[in-house]
Each structure stands twice: as structure tokens, then as C-alpha cells.
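Below are the sequence and a predicted model; questions follow.
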Amino acid sequence: MNVPPLGRLLATGRSVQSFENFVRGRLGEVLVDPSVIVQLTNRKSSRVTVLGTVRAPGAISLSTTESRLTDIITAAGGPAERPEDLDVTLTRNGRSATVPLDRLYGEPGLNISALRNDVISVGKRIRQVTVLGAFSTNTRVRLEGDSVSLTEAIGQFGGLIRDRAKLTGIYVFRETPKNTLASIGVNVSRTPGETVPTIYRFDFTKPTVFFTADNFQIADGDILYATQSGLASVNDFISAISPVIAAPRIYGSNLGLD
């Protein structure tokens, strides 16, 4: 766009209002109290498409809203389910990238501007865990259901291998928020970052642990390991997960769950 006395200005990636404010600010550097009105003459060329789990899917004009991803989703009626249960996939020029919707709201750096012809898809988050050891399957498994406890997950994975699984050593590896560990008395003051690699151990030879396991919700990215009979416990678990992740630091391996 040519704007005397500034010359050509790039309007790509801006809504009408944001570009109008931008031009007004630039003109204010050379003129006194400038008045600026920006009009979009070709609305069809500045649309994005929103699909999936929103209340009003369809084409959204960038001229009628701010252009950040969350602004576009809001213009499409907002998410039809809880943000923490949804992923957002942005497709641009044949390439796609996916991010959890709740992270868009919490991390401004991910909430980028939409551009003309972008496709924004909102859908159910695909939650997966890695299953190792004496389970009936050793692979990466998709969790079925919105809320899955440890006992339900073991059933989904086909259960444990009879005569091979050591019931005293069922482990879950998880990146746990520091404040969660601090709330149960774990000292994490010297640990950098916001999460701590943590190992939870469940001893299924104790009847009360079934109540604990039934209330322990499996999360996306968890690693589950069932110790095999005759093998050591924690060391074998660390050896099993080391090809998947860096060796974890162990904080309170039992956490009152055994």
C-alpha cells in the first residue's frame, strides 16, 4: 500500500484496524494529529478457513477481526469443548503444525497471526502414552476416552503378561509440574525449569493401591513400565525408558503410592 509521504507499507498479516493504527502512528512521526481511514476493497482475498470443533466453522474475513489465531477462533464462535481437550492445526502453503489450544492462550509466542488462505483446524487432542515391559503390548498407544485412570489404561493396553509381570513394580514416568510435587512435600528448590522428571511406583500386591490407581489419571506423554519377574525394579525401568528419553532424575520414587 502506497502512503504519501511514507511510501509503500506492508499490510500483510494485519487486520484493517491494526493496519489503520499502524499507519496513524507512522504518519504521526511527520504530521500533526493525522486522520487515517483504511478500507479493504477485496474482502474475499483476505479470508481464512476455520474447521472442526468450533461453534461457527467457516470462512473468516481478516478485515473483521484481529488476526491472531485465538482471535480467529473466537470469530468462529470459540471452541465447542474445553480448550485443554483440543488441538489447533494451522495449515499454510501445504505445511501444517499442531499445538494444544490451551497453550495458545497461555503462550503469546505461539499465538501467531493468521494469513490469507490459512486453514485453522480445531479438533480433539490425540493423547498417547508409551507402554514398555511386561504389558501385552510394547508400543506407543493412543488413549481412548477423555479421562483414563491407570487401572483403565492397563485394561486398554491388553493387561499385564501373566507369570511375567512383577506386581510390585508398575511405574509411570511423567514430567510433573514443580508446584504439584512441592504440594506433597518434595523438595524441588534446586531443580531448574517448571517440571521435574518423576517416577511413580505402584505396588499392586497391596489392596489399597487399586483405589489409588483408579484415581491416578494417565496424561499425554506418560511412559508406563511393568517390571518383569526376577528383575530389579527402578534400575530396569530407567534402562527401559533411556532409549526414549534422557535418564530421569528420581524424586520420591514412591510418592506414597506403594
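Structure received.

drop to CA atoms for contacts and neighbour counts, all remaining ones
Will do.

For T212, pull up the helix or strand it's in.
Assigned by DSSP states H and E, T212 belongs to helix 209-215.

got the buried residues for stretch 58-76?
By 16 or more other C-alpha atoms under 10 Å, the buried positions in stretch 58-76 come out as 58-63, 65-76.

re earlier: tell me how far the helix holding T212 lies from the chain's centre.
Helix 209-215 has its C-alpha centroid displaced from the chain centroid by 26 Å (C-alpha atoms, centre = their mean, to the nearest Å).

helices and strands around that helix, which ones?
Helix 209-215 sits against helix 150-156, with contacts defined as 3 or more C-alpha pairs under 8 Å, 6 or more residues apart in numbering; DSSP states H and E.

what does the average pLDDT come to for stretch 119-130?
The average pLDDT for stretch 119-130 rounds to 90.

which outside residues touch it?
48-54, 79, 85-92, 100, 138-143, 219-224 (C-alpha atoms under 8 Å, 6 or more residues apart in numbering).

Now restrict the residues you listed to buried residues only.
The buried subset of the contacts of stretch 119-130 (16+ other C-alpha under 10 Å) comprises 48-54, 79, 86-91, 100, 143, 219, 222-224.

just checking, D222 touches Y171?
No - checked against C-alpha atoms under 8 Å, the pair D222 and Y171 is beyond contact range at 10.1 Å.

can you tell me which of the buried ones among the contacts of stretch 119-130 are in strands?
48-52, 86-91, 100, 223-224 (DSSP state E).

Moving C-terminal from the longest strand seen in the chain, which element do we reach first?
Longest strand in the chain, counting residues (DSSP E): strand 165-177. For strand 165-177, the following helix or strand on the C-terminal side (DSSP H and E) is helix 178-183.

Tell me the helices and strands packed up against that following helix.
The helices and strands touching helix 178-183, judged by 3+ C-alpha pairs under 8 Å, 6+ apart, number zero.

Now do that helix: everything it contacts.
For helix 178-183, the external contacting residues (C-alpha under 8 Å, 6+ apart) are N187, V188, E194, T195, V196.

rerun that using 7 Å as the cut-off
With C-alpha atoms under 7 Å, 6 or more residues apart in numbering as the test, helix 178-183 has contacts from V188, E194, T195, V196.

Stretch 99-109 now?
P83, E84, L86, D87, V88, T89, L110, N111.

for the third one, which residues make a bridge with it?
It refers to L86. Beta-bridge partners recorded for L86 (DSSP bridges): K124.

measure N179 to I223 for me?
21 Å (C-alpha to C-alpha, to the nearest Å).

Is it correct that F173 is in contact with D220?
No - taking C-alpha atoms under 7 Å as the definition, F173 is not a contact partner of D220, at 11.2 Å.

Touching both of these two, which residues are there?
Counting by C-alpha under 7 Å, 6+ apart, F173 and D220 have no common neighbour.

just for the protein, where's the confidence low?
Where the chain drops to pLDDT under 70, the residues are 1-7, 9-15, 40-45, 63-66, 146, 230-258.

where do the strands sit along it?
Using DSSP E, strands in the chain cover 2-3, 7-8, 47-52, 58-61, 86-92, 95-100, 119-124, 128-133, 139-142, 165-177, 195-202, 223-228.

Using a markdown table, lay out those strands together with distance to N21.
Output for those, formatted as a markdown table (distance: least, C-alpha to C-alpha, whole Å):
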| stretch | distance to N21 |
| --- | --- |
| strand 2-3 | 13 |
| strand 7-8 | 16 |
| strand 47-52 | 21 |
| strand 58-61 | 18 |
| strand 86-92 | 27 |
| strand 95-100 | 30 |
| strand 119-124 | 26 |
| strand 128-133 | 44 |
| strand 139-142 | 47 |
| strand 165-177 | 40 |
| strand 195-202 | 40 |
| strand 223-228 | 49 |
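
so what's S96 bridging to?
Under the criterion used (DSSP bridges), S96 bridges to T91.
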